[in-house]
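**Student:** take a look and give me a structure for this.
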Amino acid sequence: MVRSKSTSTLSRRIATLAATGLTAAAVAAIPSAAHAEPVVNVNYPANGTTTIKATGSAMALGPGTLKSSLDLGTGDLTANLEMPPAHGEFKQWGLIPVSVTTTLIEEGPTTGKIDINTGAVTSTSKVTLKLSNLKVAGIPMPVGSNCKTETPATINLASEDDWNVLQGGTLSGTYTIPKFENCLLATPLLNITVPGPDNTISLKLGTPTVPPTLARQLAAIG
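**Tutor:** Here you go, the predicted structure:
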């Protein structure tokens, strides 16, 4: 994947910062570990969309926040995505309007890597989809308080060409929706309609909040 000049410059900056061993005054580090590398905490504003292949419908995600932690020595990253419940609509069999609220519940932190040489990012998340406020033809259909996927969905994301660690950009990928459980009489309806592979997701991350000292260090490196 070809990266922009600004991303390449950023990668060199990150590598330089790692090599110089910035102290905890500049980054959120683990100062007591003899061999610990600096760890940077960066928070990105996040918006996005996901398209459900089985229903042919799109659902807006956000606004939310991606809170990430990056080890400048290893390129390892962990993150937590905080998103409000999302509202989705589709037509059952192309005829009957259906609406539902979906809450994405992270099952542990997102993990991934940043390529120090290119700036590219890959990540994997385990997310349970919890449903509520289901309406069929405008009529509320009870689903209980624990209507969710039987297992977490695995969402793999990769950065696109507009990605820059200090400016944000787009992360995208595909995932499979597992079958649902504990949805009362709605369970069969949901399971013949929603689950399946090749669903897409795209997250647009805005300019992040970074530690002020780190921003000054990056500017000084030029």
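
**Student:** measure the residue lying closest to Lys53 once chain neighbours are set aside to His87 for me?
**Tutor:** Leaving aside its chain neighbours, Lys53 sits nearest to Asp198 (4.8 Å; criterion: CB to CB, 6 or more residues apart in numbering). C-beta here means a position set from N, CA and C on the backbone, and glycine is covered the same way. Using CB to CB, to the nearest Å, we find Asp198 at a distance of 22 Å from His87.

**Student:** same question, Ser69
**Tutor:** 30 Å.

**Student:** where does the chain dip in pLDDT?
**Tutor:** For the chain, the stretches with pLDDT under 70 are 1-37, 211, 213-222.

**Student:** can you pull out the strands in it?
**Tutor:** Secondary structure of the chain by DSSP state E: the strands cover 39-52, 57-71, 76-82, 86-92, 96-106, 110-114, 121-136, 139-140, 148-149, 153-159, 169-177, 180-181, 196-205.

**Student:** okay, those, which one's buried deepest?
**Tutor:** strand 148-149 (a mean of 22; mean count of other CB atoms under 10 Å).

**Student:** how far does that strand sit from the chain's center?
**Tutor:** 19 Å (CA atoms, centre = their mean, to the nearest Å).

**Student:** please apply the same query to stretch 113-130.
**Tutor:** For stretch 113-130, the separation from the chain centroid amounts to 8 Å (computed by CA atoms, centre = their mean).

**Student:** and it, how far apart are its ends?
**Tutor:** 28 Å (CA to CA, to the nearest Å).

**Student:** most centrally placed residue in this structure?
**Tutor:** By CA atoms, centre = their mean, the chain has its centre lying nearest to Leu81, at 5.5 Å.
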